[in-house]
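S.K.: Okay, sequence plus prediction incoming.
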Amino acid sequence: MIDLHTHSTASDGSFTPTELINYAKNKGIEVLALTDHDTISGISEAIEAAEKAGIDFVPGVEISALWLIGTMHILGYYIDPNSELLHSTLKNLQKLRDDRNHKIIEKLREHGVDITYEEVEKVAGGQIGRLHISRILIEKGYAADVQSAFKKFLTNGAPTYIPKVRLEPPKAIELIKESGGIPVLAHPCTLGLDDFSDLEKLFRELKRDGIEGIEAYYSDHSKELTDFCVKMAKELNLLITGGSDFHGKNKKHIDLGVGRGDLVIPDELAIKLKEYKESRK
C-alpha cells in the first residue's frame, strides 16, 4: 500500500512527521510522501523516522497556485530539501501567510468574534492555517463544524475572508523543477471545473507549462473523474499519482492509504514515479 499525499504538523496535519511515519508503518504503508502546504520543514524529521521504520520515503511539498475559479495545488515529488531557492521562496510565502492569518483574526474580532492569535498558535503547534482558526471557532460555538466555519468565516465570499498570496501555476511548476522535483497537479476535483472538456483544456495548458503528472487517485474523486484523469495522463504522457490527503485528526473522515475507505492507490504508481526520478539524473 502507498500514499503520496499527506500532511503533518509542519502545515495543517495533526501528526508530527515522526508520528505520521509510525502510523504509516502500522497501517502497512510501504511508500509514503510528505507533502505539507508551502513548507518542507518536516522533511528532515520524516526522513530520519522513515529510515528507522523501513518505509520508502518521498520528500515532497504542496504549493498553492493562483487559480480564481476554485483551488489549485501543485505537488512536488522528490524535491531537494536543501534547495536554497525552495527554502527562500517558501519562507517568503510563509511570511505572507502569517500576515494573512493576523489579518483574518483581526477581521474576525472586528465582527465580534472572541479570538486571539495566541489561541490559534497554541492549537496549531506549528504552522498556522485556516483549519486551526476553524477549530477555535468551533470550540467557542461560532460554528458547528469545519465546513460551516469555513463557509461562514473563512472562504471567498465570507465577510472575514482574506485572499491568500499564491504563485502563478507556471512559477510553482518552475520552482519545483528547479528544486529537483517532479511537479504534479493535485486533486483536480477542487479546481471548480465540472466539465471534462474544460479540465482537458487545463491539463493541456499545464502540460505546456511543464507539469509532469496528474493526481488521479484521490479521496474525493468519483470513479468517472479518476478514469478521466488516468485517460488524459496517458494521452499527454504524464505521470499518474494518488494520495489520500491525510491530515490526521484534522480530517477525521480521511484515513492513510484508503481515504474514505474506498480509495485504492495502485502500488505501481510509486514505482513509476521513482523510475521517472531516476531517469532524469
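M.R.: That came through, no problem.
S.K.: Please identify which helix or strand holds residue 96.
M.R.: Under the criterion of DSSP states H and E, residue 96 resides in helix 84-110.
S.K.: how close does residue 202 get to residue 209?
M.R.: 10 Å (Cβ to Cβ, to the nearest Å). Where you see a C-beta, it was placed from the backbone N, CA and C, and this is true even at glycine.
S.K.: Neighbour count for the two, which is higher?
M.R.: residue 202 (19 against 16; other Cβ atoms under 10 Å).
S.K.: contacting residues for that one?
M.R.: Counting by Cβ atoms under 8 Å, 6 or more residues apart in numbering, residue 202 makes contact with 191, 193.
S.K.: likewise residue 191?
M.R.: 67, 69, 70, 71, 72, 199, 202.
S.K.: okay, the worst-scoring helix or strand of the chain on mean pLDDT in PDB with CA atoms only?
M.R.: Taking mean pLDDT, DSSP states H and E as the measure, the helices and strands of the chain show their lowest mean at helix 117-124, namely a mean of 88. As requested, the backbone C-alpha atoms of helix 117-124 are provided in PDB (Å, rounded to 0.1, in the frame of the first residue of the first chain):
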ATOM      1  CA  TYR A 117      -3.700  34.800  17.500                       C
ATOM      2  CA  GLU A 118      -2.100  33.200  20.600                       C
ATOM      3  CA  GLU A 119      -5.100  30.800  20.900                       C
ATOM      4  CA  VAL A 120      -4.700  29.700  17.300                       C
ATOM      5  CA  GLU A 121      -1.000  29.400  17.700                       C
ATOM      6  CA  LYS A 122      -1.400  27.100  20.700                       C
ATOM      7  CA  VAL A 123      -3.900  24.900  18.800                       C
ATOM      8  CA  ALA A 124      -1.600  24.700  15.700                       C
END
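S.K.: Buried residues of it, list them for me.
M.R.: Along helix 117-124, these residues count as buried under the neighbour rule (16 or more other Cβ atoms under 10 Å): 117, 119, 120, 124.
S.K.: thinking again about what came up before, list the ones among the contacts of residue 191 that fall in strands.
M.R.: Among the contacts of residue 191, the members falling in strands (DSSP state E) are residue 72.
S.K.: from the contacts of residue 191, which is closest to residue 12?
M.R.: Residue 12 lies nearest to residue 71 out of these, by Cβ to Cβ, at 13.8 Å.
S.K.: pLDDT score assigned to the residue lying closest to the closest one once chain neighbours are set aside?
M.R.: Among residues not flanking residue 71 along the chain, residue 190 sits closest, at 4.3 Å (Cβ to Cβ, 6 or more residues apart in numbering). With respect to pLDDT, residue 190 has a value of 95.
S.K.: Ok, residue 64 next?
M.R.: For residue 64, the model assigns a pLDDT of 93.
S.K.: Now name the helix or strand holding it.
M.R.: Here residue 64 is assigned to strand 56-65, by DSSP H and E.
S.K.: Against which helices or strands is that strand packed?
M.R.: For strand 56-65, the packing partners by 3 or more Cβ pairs under 8 Å, 6 or more residues apart in numbering; DSSP states H and E come out as strand 31-34, helix 43-53, strand 72-77, helix 84-110, helix 169-178, helix 268-279.
S.K.: Output the contacting helices and strands for the helix holding residue 96.
M.R.: Against helix 84-110 (3+ Cβ pairs under 8 Å, 6+ apart) you get strand 56-65, helix 117-124, helix 130-139, helix 169-178.
S.K.: residue ranges with poor pLDDT in the stretch 1-150 of the chain?
M.R.: Along the stretch 1-150 of the chain, segments meeting pLDDT under 70 span 126.
S.K.: coming back round to it: looking at the helices and strands packed on strand 56-65, which is nearest to residue 220?
M.R.: strand 72-77 (13.0 Å).
S.K.: Need the residues that contact the closest one.
M.R.: Residues outside strand 72-77 that contact it (Cβ under 8 Å, 6+ apart) are 4-5, 33, 35, 37, 58-66, 169, 172-173, 175-176, 179, 181-187, 190-191, 211, 213, 215, 241, 273, 277.
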